[in-house]
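>>> Next input, structure requested:
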Amino acid sequence: MNFQYHAQLFDHMISAVLVISREMQVLYANQAALTLLNTGLNQLYRSHIDEIIAYSTVNRDKIKGAFNTHEGFSEPDIEICLHDERVLRFDIAVTYIELNEVPCLMIEAKHIDQQMRINQETLQLAQQHAARQLIRGLAHEIKNPLGGIRGAAQLLGLSIEDKEHIEFTEMIITQSDRLRNLVDNLLGPNSLPKQAWQNLHQPIEAVYQLVKNDNPYNINLIRDYDPSIPELYIDTDMLQQAILNIVRNAMQALQEAESKLPKIRIKTRVARNEMIHGRKEPLSAVIFIYDNGPGVPKDIKDTIFYPMVTSKSDGTGLGLSIAQTLVEHHNGKIELESRKGRTQFSIYLPIIKHGVTS
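A predicted model of the protein is given here:
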């Protein structure tokens, strides 16, 4: 093929295009690929693919087979993790070509991550709203009779003369209170945030100090902050609780899995043009919380933020649900990406101009 001519066309494509040799070295990348990888062709040329991609769900056997059979293939919804820890999703098409009589594969990758995330977020929001409405209805139906049971037990206790029997009415009252507290926790925080202009790293540092002093499993805690993030209009206590719930969830997962060299990393960065609840935010602050544990089980991955959903042997399933509610009080969102060896929670918070609070 006349690659010089085609290369000019490839540079005008939205899809990323890579050409690799049998030795898995990059021989060409179009402009979309260079922008995605945040590098230049001179830096990328002859780099091994493993120097660019830390992890991928692409079947390597299919890559080798394409060189042997001279036949291409396509795979939908491929997950790729870059060395800068970005996780992206693509539909890929692989074509066998010869470049100066050298066998090569041309890989065209169509970025589907943004639209998938928007669709997934819309679906999750609808499901979570329906779940919360159901819980509110159940809570109302449970709390009313609980109040009657508790009141009746109190009156019964006043009329019992045998002290040995009073313990039974006290047990009814205690268990009624326990169930009422459980229902209140299911409903989540209902107080309005007390927001002020604060440094985002203040609640993160508070969480770091808390978990550093309560770390029996000796988990390595790493901080990676972006000092350029401006002050945000936040409720520090609420945000601290949300971050703490996620970090403790990660610590419990690492401990239960008895992970070797357990690690949690908290990183802050600025994201541009992020979609949050159907609105494109020009700038957002992002708190990434990574762990190198076993990953979230697939059967609960889509419902992990629902109340009472947990993979922990002694968990309540309320921590992540509460964290999401607290972040939503800040017009933000939480996203989850998980596979074996890496789980990432991302908290997105819109950056607004100082003094603008609505």
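
>>> partner residues bridging C81?
For C81, the beta-bridge partners are Y55, V87 (DSSP bridges).

>>> no wait, I234
A196.

>>> same question, K267
In beta-bridge terms (that is, DSSP bridges), K267 pairs with D224, F288.

>>> Compute the distance between it and T35, please.
22 Å (CB to CB, to the nearest Å). Any C-beta I mention is one placed from the backbone N, CA and C, and that applies to glycine too.

>>> Which of the two has more residues huddled nearby?
Using other CB atoms under 10 Å, the more surrounded residue of K267 and T35 is K267, with 18 against 11.

>>> quick one, what contacts that one?
85, 223-225, 287-288, 290 (CB atoms under 8 Å, 6 or more residues apart in numbering).

>>> what's the pLDDT at it?
On pLDDT, K267 comes in at 95.

>>> now N100
The model's pLDDT for N100 equals 79.

>>> any idea how far I347 is from it?
Distance from N100 to I347, by CB to CB: 49 Å.

>>> Equivalent analysis for L179, please.
Distance from L179 to I347, by CB to CB: 31 Å.

>>> Please say which of these two ends up with more neighbours.
Between L179 and I347, I347 has the larger neighbour count (other CB under 10 Å), namely 26 against 15.

>>> doesn't A271 make contact with V286?
Yes - taking contacts as CB atoms under 8 Å, V286 lies within contact range of A271: 4.9 Å.

>>> shared neighbours, those two?
Between them, V286 and A271 share the contacting residues Y348, judged by CB under 8 Å, 6+ apart.

>>> Who has more neighbours out of these two?
Neighbour tally, V286 and A271, criterion other CB under 10 Å: the higher count belongs to V286, 19 against 16.

>>> Name the helix or strand for the more buried one, please.
Using DSSP states H and E, the element containing V286 is strand 279-291.

>>> Can you give me the buried ones in the host helix or strand of T343?
Assessed by DSSP H and E, T343 sits inside strand 342-350. Residues of strand 342-350 classed as buried: 342-350 (neighbour count, 16 or more other CB atoms under 10 Å).

>>> repeat for stretch 11-25
15-21, 25.

>>> and if you look at stretch 212-219?
Those would be I219, for stretch 212-219 by 16+ other CB under 10 Å.

>>> starting at the chain centroid, how far to that stretch?
Mean-position distance between stretch 212-219 and its chain equals 23 Å (CA atoms, centre = their mean, to the nearest Å).

>>> same deal with stretch 251-264?
18 Å.

>>> What is the end-to-end distance of it?
Chord length of stretch 251-264, first to last residue, is 8 Å (CA to CA, to the nearest Å).

>>> got a list of contacts for it?
211, 215, 217-222, 247, 250, 289-294, 311-313, 315, 343.

>>> ok, 6 Å please
Stretch 251-264 is contacted from outside by 217, 219-221, 250, 291-294, 312, using CB atoms under 6 Å, 6 or more residues apart in numbering.

>>> now swap in stretch 217-224 and tell me
Residues contacting stretch 217-224 (CB under 6 Å, 6+ apart): 251, 254-255, 262-267.

>>> how close does N181 sit to M171?
Applying CB to CB to N181 and M171 gives a distance of 16 Å.

>>> what does H111 give?
Distance from H111 to M171, by CB to CB: 59 Å.

>>> T268 too?
Taken as CB to CB, the span from T268 to M171 is 48 Å.

>>> These two: which has the busier surroundings?
Neighbours were counted for T268 and for M171 using other CB under 10 Å; T268 has more, 19 against 11.

>>> Who wins on neighbours among the contacts of K267?
Going by other CB under 10 Å, I287 tops the contacts of K267 with 26 neighbours.

>>> in a strand, that's where E75 is, yeah?
Yes - looking at E75 with DSSP: H, G, I helix; E, B strand; the rest coil, it is inside a strand.

>>> surely it meets I92?
Yes - counting by CB atoms under 6 Å, E75 does reach I92; the two are 5.4 Å apart.

>>> so E335 is in which element?
strand 333-339.

>>> List of residues touching that strand?
Strand 333-339 is contacted by residues 87, 276, 295-296, 324, 327, 344-348 when judged by CB under 6 Å, 6+ apart.

>>> Averaged pLDDT, it. What do you get?
89.

>>> all strands in the stretch 101-250 of the chain, in order from the N-terminus.
102-111, 196-198, 220-224, 232-234 (DSSP state E, counting those that start in this stretch).

>>> who wins for proximity to I243 among these?
Among the strands of the stretch 101-250 of the chain, the nearest to I243 by CB to CB is strand 232-234 (11.2 Å).
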